[in-house]
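>>> have a look; sequence and predicted model below, questions after that.
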Amino acid sequence: MAVDHAAAEVDHLAAERAAARFDVEAMKIAWAGSRHAVDVADRMARLVASDPVFRKDNRTMLSRKDLFKDTLRKAAHAWKRIVELRLTEEEASLLRQYVDQPGYVDLHWGMFVPAIKGQGTEEQQKKWLPLAYKFQIIGCYAQTELGHGSNVQGLETTATFDPMTDEFVIHSPTLTSSKWWPGGLGKASTHAVVYARLITEGKDYGIHGFIVQLRSLEDHSPLPGVTLGDIGGKFGSGAYNSMDNGVLRFDHVRIPRDQMLMRLSQVTREGKYVQSDVPKQLLYGTMVYVRQSIVADASKALSRAVCIAVRYSAIRKQFGSQDGGPETQVLNYRTQQSRLFPLLASAYAFRFVGDWLNWLYTDVTQKLEVKDYSTLQEAHACTAGLKAVTTSATADAIEECRKLCGGHGYLNSSGLPELFAVYVPACTYEGDNVVLLLQVARILMKTVSQLTSGKQPVGTMAYMGKVQHLMQSKCAVKTEAFEARALRMAVNCAQNIGQASNQEEGFYERSPDLLEAAVAHIQLIIVTKFIEKVHQDIPGHGVKEQLQNLCNVYALYTLHKHLGDFLATGSLTPKQGALANEQLGKLYAQVRPNAVALVDAFNYTDHYLGSVLGRYDGNVYPALYEEAWKDPLNETVVPEGYHEYLRPLLKQQLKLSRL
Ligand SMILES: CCCCCCCC/C=C\CCCCCCCC(=O)SCCNC(=O)CCNC(=O)[C@H](O)C(C)(C)COP(=O)(O)OP(=O)(O)OC[C@H]1O[C@@H](n2cnc3c(N)ncnc32)[C@H](O)[C@@H]1OP(=O)(O)O
Ligand SMILES: Cc1cc2nc3c(=O)[nH]c(=O)nc-3n(C[C@H](O)[C@H](O)[C@H](O)COP(=O)(O)OP(=O)(O)OC[C@H]3O[C@@H](n4cnc5c(N)ncnc54)[C@H](O)[C@@H]3O)c2cc1C
């Protein structure tokens, strides 16, 4: 059922593109970070899009087995291309991003390698990293267990030192101690960094990391004492089912002593436990690293969804032609704008705060090298909090984009169901968002309690030092209102906790309020970093103006959505709240002519978007129509099962009606 392709060359969005009041090419640079970043991303995206092995339009129709095999094939092919073309690390990681299929390589490069880098000694790094870099071993990150994920200190797997043989004995003493969830573990990994309780000289020293071989390097069979497999199908079709999240049990598996990751602490030949002079929290360093990359990933997922919804909203028309005139593009409805443009603004906001967080992470890593641990808490609070706020907002936004695309958004071919299904576990993995926000809240409470002792808060908490001013003033300036709201919410919580019989009990009772205080603090960071960005020198006609506009949209929308907080804390008056909302409507009108160009600036190929609704050329209807015919159900005109189940039914009804 081919449709006419003649129209395929037409740019249905040309008028939209012509209406934009800024230089899209310059905005691409602002989004990507540099001309170089645009060029590399462009080259890698095209390389992937033009290679038939990386085809993904049939992914939601594959069986789990075929999907997994397809993932193995893509990973092997990607590696082949990386080697053949001698791609740099930057190019290789972009290539993997554009292949856009979750798989064991994400955990190998994203967690296994960083865990060894962060927690291994130089000697251990020398031994293991070259193997990992050449894929002579495949690794995963085996922390979570059936019984405990959030509570890392509660993990049950044991690593007991045996001084007789100079080995650790890794064991799973209970069902709940089975490792459960690690990506890449189920079928692909040969090795894992396993987190287990270190026991030596009869004493339990808590959780430590160990490199453990799981499968034979000859035939991939599990090593003696190792039981492992996949944990089963997951949410959605296609989506995260390409990943082999696994289960793993150990029955007294022995590993050499030098496979304990020994940068933070060591066990001597005699079995003595020795703690290095570095903070214990560095054990959580890999999670800090991944949380900051998850923030960068949030802006990618969100911008993809928004790109689809904006382009389709410009194409889709409904109502308004009673008198024979043209119908209205749904993008012109004020309601569509007020739902969609804040998400567009959020994509930019998360992109810039992600860049800043990456800077912070690099800075803290450099400080750690010279044993300066002063910004560790800041790095933890910012990565945990921003991970929680950006992933929750992105997951909600993808679903909103699906609704913004009406019925067609529910089709797999829109790309949105799979994007949502792949993305939504980001609210859970690498730390449940509530658990992470409570970590931020703890640090906020600590900071508030130190205010009276005269200790000046620093970094993103510095505004709390202006406590006298912020507790009293009515705020005119936008950031100041955000600061006042965040500080007052934190101080209220601290006061309420102070009234409880003890701190822990108070914290527990007030945790719902603490969550909101943490969100307020993190939103302040996002707004502040966006404002800092637009204060920079940004070249290109109209680019700075557009970003300024989006920054205002993000701030005022956040303010509008959380107006209750601002009013309850007296940070704004009801009149100011109403004015802000007024202003927001005007800003949307300014976004409107630029909307399509603003999503073009993400520079996504049709392959990466994977959506018939989000096509660059806007030629949506023929694409939708053609895509339907590709469904396996349409391979035969009369469905399988007709003779067994439909025909007898239909015949029987015939008889009944004759009665
Ligand atoms: C890999 C891909 C890379 C690319 C990414 C981009 C693309 C993405 C796309 C697709 C790939 C997707 C891939 C998915 C991957 C998923 C992987 C996993 O899920 S791995 C499992 C994660 N597991 C958790 O996150 C557990 C969460 N739990 C915890 O972190 C801890 O248990 C916690 C923080 C909740 C509690 O820790 P406590 O039990 O030690 O207790 P307390 O008292 O709260 O903390 C002690 C002290 O340590 C500090 N602290 C805690 N965590 C810290 C940290 N991380 N850094 C520094 N300090 C920390 C605290 O502030 C506190 O400090 P004071 O003593 O008060 O000064
Ligand atoms: C797709 C996916 C991939 C993953 N990949 C890996 C991996 O590669 N390696 C790995 O080790 N792990 C992995 N995980 C596991 C993941 O890190 C954990 O699932 C996550 O940390 C959440 O822990 P949990 O499952 O124990 O949730 P739970 O803590 O059991 O959460 C259940 C509920 O309890 C609430 N809750 C828990 N504690 C508190 C508290 N203190 N206060 C208030 N509420 C609380 C939570 O908010 C949540 O609503 C993955 C998980 C998923 C879904």
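Arrived safely. Ligands and ions are numbered 1, 2, ... in the order given.

>>> for the rest of this, base every contact and every neighbour count on C-alpha atoms.
Will do.

>>> show me the longest helix that occurs in this protein.
Scanning the chain for the helix with the most residues, using DSSP state H, yields helix 334-369.

>>> are that one and ligand 1 in contact anywhere?
No - judged by C-alpha under 6 Å from any ligand atom, helix 334-369 makes no contact with ligand 1; its nearest approach is 10.8 Å.

>>> buried set for that helix?
336-338, 340-358, 360-361, 364-365, 368 (16 or more other C-alpha atoms under 10 Å).

>>> where does pLDDT dip in the stretch 201-350 of the chain?
321-322 (pLDDT under 70).

>>> quick one, strands of it?
Applying DSSP state E, counting those that start in this stretch to the stretch 201-350 of the chain gives strands spanning 203-213, 226-230, 246-250, 253-256, 265-267, 273-275, 317-318, 328-329.

>>> so how far is the last one off the chain centroid?
If I follow you right, that is strand 328-329. With C-alpha atoms, centre = their mean, to the nearest Å as the basis, strand 328-329 stands 33 Å off its chain's centre.

>>> repeat for the fourth one
Between the mean C-alpha point of strand 253-256 and the mean C-alpha point of its chain there is a distance of 35 Å (C-alpha atoms, centre = their mean).

>>> can you name every helix or strand that that strand contacts?
strand 167-171 (3 or more C-alpha pairs under 8 Å, 6 or more residues apart in numbering; DSSP states H and E).

>>> so which residues make contact with the strand it packs on?
With contact meaning C-alpha atoms under 8 Å, 6 or more residues apart in numbering, strand 167-171 is reached by 157-162, 196, 249-257.

>>> partners of it, with directions?
strand 158-162 (antiparallel), strand 253-256 (antiparallel) (DSSP bridges).

>>> buried deepest among those, which one?
strand 158-162 (a mean of 25; mean count of other C-alpha atoms under 10 Å).

>>> what angle do that one and strand 203-213 make?
100 degrees (axes from the mean of the first three to the mean of the last three C-alpha atoms, to 10 degrees).

>>> neighbours around residue 601, how many?
Residue 601: 20 surrounding residues under other C-alpha atoms under 10 Å.

>>> that one reaches residue 20, doesn't it?
No - Residue 601 is not in contact with residue 20 according to C-alpha atoms under 8 Å; the separation is 11.5 Å.

>>> overlap in contacts, the two.
Counting by C-alpha under 8 Å, 6+ apart, nothing touches both residue 601 and residue 20.

>>> so which of the strands paired with strand 167-171 comes closest to ligand 2?
strand 158-162 (15.4 Å; C-alpha to the nearest ligand atom).

>>> what residues does the stretch 351-500 of the chain put near ligand 1?
So the stretch 351-500 of the chain meets ligand 1 at 376-377, 380, 429-431, 435 (C-alpha under 6 Å from any ligand atom).

>>> just send those residues back as a markdown table, with neighbour count too.
Formatted as a markdown table, these follow (neighbours: other C-alpha atoms under 10 Å):
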| residue | neighbour count |
| --- | --- |
| 376 | 20 |
| 377 | 14 |
| 380 | 24 |
| 429 | 15 |
| 430 | 21 |
| 431 | 19 |
| 435 | 17 |
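
>>> phi, psi for the residue nearest to residue 183 when sequence neighbours are not counted please.
Spatial nearest neighbour of residue 183, chain neighbours left out: residue 245 (4.1 Å); criterion: C-alpha to C-alpha, 6 or more residues apart in numbering. With angles defined as degrees, to the nearest 10, residue 245 sits at phi -60, psi 140.

>>> I figured residue 245 hits residue 188, correct?
No - at 9.8 Å, residue 245 does not count as touching residue 188 under the criterion of C-alpha under 8 Å.

>>> could you chop the chain up by domain?
Domain segmentation of the chain under automatic domain parsing yields 113-276, 286-455+478-600.

>>> tell me which of these sits nearest to ligand 2.
domain 113-276 (3.1 Å).

>>> show me what from the stretch 101-250 of the chain comes close to ligand 2.
Within the stretch 101-250 of the chain, the positions near ligand 2 by C-alpha under 6 Å from any ligand atom are 141-144, 148-150, 181-183.

>>> where are the low-confidence patches of this protein?
Looking at the chain by pLDDT under 70, you get 1-9, 321-322, 476-477, 653-659.

>>> after whatever helix or strand residue 467 lives in, which helix or strand is next?
For residue 467, the enclosing helix or strand under DSSP states H and E is helix 467-472. Where DSSP H and E defines the elements, the next helix or strand beyond helix 467-472 is helix 478-498.

>>> and that next one, what does it pack onto?
So helix 478-498, by 3+ C-alpha pairs under 8 Å, 6+ apart, packs with helix 433-451, helix 467-472, helix 503-509, helix 511-534, helix 563-568.

>>> could you rerun that using 6 Å?
Packed against helix 478-498 by the contact rule (3 or more C-alpha pairs under 6 Å, 6 or more residues apart in numbering; DSSP states H and E) you find helix 511-534.

>>> could I get the strands paired with strand 167-171 as CSV with distance to residue 584?
Shown next, in CSV, are the strands paired with strand 167-171 (distance: least, C-alpha to C-alpha, whole Å):
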stretch, distance to residue 584
strand 158-162, 56
strand 253-256, 61
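
>>> now distance to ligand 1 too, for those strands, in CSV please.
Compiled in CSV, the strands paired with strand 167-171 are given as follows (distance: least, C-alpha to the nearest ligand atom, whole Å):
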stretch, distance to ligand 1
strand 158-162, 17
strand 253-256, 22
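
>>> closest one to residue 311 among those strands?
Nearest to residue 311, of all the strands paired with strand 167-171, is strand 158-162, at 53.4 Å by C-alpha to C-alpha.

>>> and that closest one, how far out from the chain's middle?
That offset, for strand 158-162, works out to 35 Å (C-alpha atoms, centre = their mean).

>>> and the gap between residue 50 and residue 515?
In this view, residue 50 and residue 515 are 46 Å apart by C-alpha to C-alpha, to the nearest Å.

>>> A strand includes residue 195, no?
Yes - residue state for residue 195 (DSSP: H, G, I helix; E, B strand; the rest coil) corresponds to a strand.

>>> which residues does it contact?
Applying C-alpha atoms under 6 Å, 6 or more residues apart in numbering to residue 195 gives the contacts 143, 208-209.

>>> let's see 7 Å
Residues near residue 195 by C-alpha atoms under 7 Å, 6 or more residues apart in numbering: 142-143, 207-210.

>>> kindly report the same for residue 598.
No contacts exist for residue 598 under C-alpha under 7 Å, 6+ apart.

>>> where's it relative to residue 592, distance?
Applying C-alpha to C-alpha to residue 598 and residue 592 gives a distance of 10 Å.

>>> cheers, nothing more for now.
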